[in-house]
Structure formats: C-alpha cells, structure tokens
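Novice: Make a model of this:
(one chain, ligands or ions: 2)
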Amino acid sequence: MSANKPINNRRYAVGLMSGTSVDGIDAAAIEIIDGAAGERPETRLLAFENKSYPEAVREEIFSLFDPKMATVDRVGRMNVLLGELYAKAALSVIAKADLVPEDIAVIGSHGQTIYHSPEAHPWEDLDLRYTVQIGEGSVIAARTGIPCVSDFRPADMAVGGQGAPLVPFTEYLLYRERDRTLLLQNIGGIGNITVLPANGSPDEVYAFDTGPGNMLIDGAVARLYPGRTMDSGGEIAREGNVHSGLLERLQQEEYYKLPLPKSTGRELFGSSYVDGLLRYGQEHRLSSNDLIATVTKLTAWSIGEGYRRYIRDRSPADTMIVGGGGSYNPVLMTYIVQEFEPMGVKVLTQEDVGLNSDAKEAIAFALLADYALTGRPNNLPNVTGARRPTVLGKISY
Ligand SMILES: Nc1ncnc2c1ncn2[C@@H]1O[C@H](COP(=O)(O)OP(=O)(O)OP(=O)(O)O)[C@@H](O)[C@H]1O
Ligand SMILES: CC(=O)N[C@H]1[C@@H]2OC[C@@H](O2)[C@@H](O)[C@@H]1O[C@H](C)C(=O)O
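Specialist: Ligands and ions are numbered 1, 2, ... in the order given. You can find the predicted model right below:
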C-alpha cells in the first residue's frame, strides 16, 4: 500500500485518548470510509487497546494538576515522556490490527489535559482562555513515521470557544438519526452529554459537561481505600447509603446552574473538592461506604439535572446511550436509570447498541485528525461557543 496516502475513499487512522481520569492510554486503529457528498462517513474499529500508565507516571501527572507543582521542567519532561508512551501505544495497536505504520494516514492524539481554564480571563481589552494538553506530537510522528495531529483544543479557544467538548463533532457525524432525538452521555473523569436532535443540522447539536463523571468517586476511593483507584463494579457504593445532608449540600454547586456553553475539569472537581468531602464526612461521622454511595448518587443526579435544566423542554428524548468507564459501574447506572426512567428516557450503554464504550473517544480523535489533516473544519461552534467553524489540531509531519 502507498505510504501515508488516502486509498480511494477509505483509509486507516489511529486515535489516542488519555482522559481526565488518568487511567491510561486508549488506542484505536480504525478504517474511515467517506460517505457520498452530504452523507455520513463510516468508521470501522479494527483494533483497540488500553494501556495503563506506569504508576510513577500516573502519580507525576496527578502532581502536575497542581499549578504550583507544575514547574516548566516537569511539564517539559512529561510532555516528551508521554509522547514516547503514546507512540508505543500507537505502534502496538497498529500491529494488533495486522497493519504496518505505512498503512496509516494519520494519528490523532488528544494528549493529557493538565489544566483547563475555559472561562474568559480579561487582560486589557482581551479575553484570554487557556487549556494545556501534553504529549508531544513531534515525538509521536518521529517514532512512528506517521503524521500526527495533536493539541486540538486551543484552536477552538482562539475563536472564543470553550475548547471542549470536541467529541460531539464526531457524534454528529456517526450517530445522528433521522427520526429520533438521541442523548449521548459520556462518563469519564468528567461527565458530558451531547444532544443530537432528530434530523438536526450541525447547528442544532448541543453538548456540555454535566459535572463530575468518575472524578469524585475515584478521588474519594483513593483517599479512603489506599491502594484502590476506583469503585470497581460499584462494590463500595453498593454497601453504603446515600446521606441526604451531604447530597443536598453538593447539589448547591454553582456549576450545575451555569448557562451553556460550559465545560469543567479537575480545577473544580479535583483534590481540594475531595478534601472538602472528606472533611464533611469526618464532621458528620459518615462511613466510607456512605460517602462513596453519596458521590455516586450525586454523579447520577448531575446528569439527570443536566437533562431537566437544559434539554427536556428544548429537545425531549426517549433514549440515552451511556459510554465511558462509568458505564461499567452498575450502582451508578442504577442511579442514572432512577433519574431518567420517571422522565420517560430509556438508558442504554454503548455495548447495548453494539459499540465499545472504551474505544469511543479514541475513535473520535482519529476522525478529528483525519479532518485536520485535510484542512476541514472539525469543531461545532454551537457546542463550544466558538465564533466560527475552524480546523482544530496541530500537525507534526
Ligand atoms: N469496572 C468498573 N467499575 C467501576 N468503575 C469503572 C470500571 N471501569 C472503569 N470505571 C471508571 O471509569 C473511569 C475511566 O473512565 P474513562 O476511561 O471513560 O475516562 P477518561 O477517558 O479518562 O475520562 P474523560 O472522558 O473525562 O476524559 C475509571 O477511572 C473508573 O472510575
Ligand atoms: C479539557 C478536557 O480535557 N475536557 C474533557 C473532559 O473529559 C470529558 C469532558 O471533560 C470533555 O469536555 C472533554 O473530553 C472529551 C473527550 C471531549 O472533548 O469531548
């Protein structure tokens, strides 16, 4: 096959995602099949792998979330170290798909978010917004010999957007239906929802971060159950009871009431938020299980609240498809069903519709990169608040 060239209207691409829960690197090798003019493209998942970060790397990334710890030398080092790890993950998934690097047209790498500040910071007559994703694209391109598109978010911010969420662009391409309004909820570190109105145009799609996904659950588990990083299978929450006092207090968080567009991250729901939770737990003598049950309930409530507050009247839906690691937590899923069933919304998972929850975002970044490499705009201004469509992503050859 010819090197790094589209082959007719079909080509191979690799997507790399390392999300806000810092559990590792998701790598997907896909085939992209262009649609006829005006028709949607198709993607076919050829291989998928998840590689956990080495523990020392994970710890170092967590320390970089604290701006005081994120000195330029540490950020610079981690930027290239992650580039190396991403390149290995890409080569590994390419081999798993029985392909060679020369077959691949492009790699799309999201990188690791270490800071996200989408609100406007005024300076003189300007509004500054910034976001930092590391994992050097030049290293990925050099190690693999494949053009790499990385650092997608700043281009959206440069035209006034939040720089997030970006996956809705690909959800519009891949999931929209003529006769049915669909809700797509992702539960990663942060939760985010996309609304695809029936037969809607790109301008009618909207999306926002609902609040914490697994971030508070993971954060509280790590502190209360040393050695654990998540509430695997919801086993801890299942043994606990929801504490209504704590739940009501957490529901007062301003973020849930902010107007759209909005996005959030570890800057709000990170370690100092967990400190506050644990303090409340100690003062009110909550058991660890009750605390985890309560943040699990809060997470489900924030998703329900997102629907009630911003979506129900504007685009009533009867189906929500849930993806991301949180969809593997049965207690969280039960709470979500309890939120949505009374509102007439059926809750399914990506697996229920024959797809793969883990691979979804990695596939999205492969497709976003394919657009970037060919100079096609790949943001949705209505979703991010950007002033106009633009091409997101920096290309390293
Ligand atoms: N079997 C499981 N039981 C309970 N929780 C799980 C399970 N598997 C994954 N999770 C949760 O999902 C999280 C990882 O989710 P995912 O990989 O979708 O996040 P991410 O891509 O890092 O985040 P984001 O989408 O916010 O960028 C884990 O940290 C954990 O909390
Ligand atoms: C700044 C950042 O990394 N945001 C992530 C995070 O994780 C989920 C949610 O918050 C979403 O806004 C976004 O990621 C996905 C991939 C997106 O841009 O669609």
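
Novice: quick check: longest strand of the protein.
Specialist: For the chain, the strand with the greatest residue count under DSSP state E is strand 112-123.

Novice: ok, that strand: who's next to it in the sheet?
Specialist: Its sheet considered, strand 112-123 pairs with strand 126-134 (antiparallel) by DSSP bridges.

Novice: Between strand 112-123 and the strand or helix carrying residue 194, find me the angle.
Specialist: Secondary structure from DSSP states H and E places residue 194 in strand 190-196. Relative orientation of strand 190-196 and strand 112-123, computed by axes from the mean of the first three to the mean of the last three C-alpha atoms, to 10 degrees: 80 degrees.

Novice: Can you give me the end-to-end span of stretch 178-196?
Specialist: From its first residue to its last, stretch 178-196 covers 10 Å (C-alpha to C-alpha, to the nearest Å).

Novice: Going by neighbour count, which residues of it are buried?
Specialist: 181-196 (16 or more other C-beta atoms under 10 Å). Just so you know, the C-beta spots here come from the backbone N, C-alpha and C atoms, and that holds for glycine as well.

Novice: one step back: tell me the helix or strand right after the strand holding residue 194.
Specialist: Assigned by DSSP H and E, the successor of strand 190-196 is strand 206-212.

Novice: Return only those of the buried residues of stretch 178-196 found close to ligand 1.
Specialist: Contacts with ligand 1 within those, as defined by C-beta under 6 Å from any ligand atom: 186, 188, 189, 190.

Novice: thought the last one was touching residue 264?
Specialist: Yes - in this structure, residue 190 sits in contact with residue 264. The criterion is C-beta atoms under 8 Å, and the distance is 6.1 Å.

Novice: if I look at these two, which residues touch both of them?
Specialist: Any residue near both residue 190 and residue 264 by C-beta atoms under 8 Å, 6 or more residues apart in numbering counts here, and that gives 209, 211.

Novice: give the contact list for the residue in the stretch 51-200 of the chain positioned nearest to ligand 1.
Specialist: Relative to ligand 1, the nearest point of the stretch 51-200 of the chain is residue 188 (2.1 Å; C-beta to the nearest ligand atom). Contacts for residue 188 (C-beta under 8 Å, 6+ apart) come out as 19, 20, 21, 213, 214, 324, 325, 326, 361.

Novice: Residue 383 too?
Specialist: Residues near residue 383 by C-beta under 8 Å, 6+ apart: 165, 168, 169, 194, 205, 206, 207, 208, 261.

Novice: try 10 Å
Specialist: Residue 383 makes contacts with 156, 161-162, 164-169, 171-172, 194-195, 202-203, 205-208, 260-261, 263, as judged by C-beta atoms under 10 Å, 6 or more residues apart in numbering.
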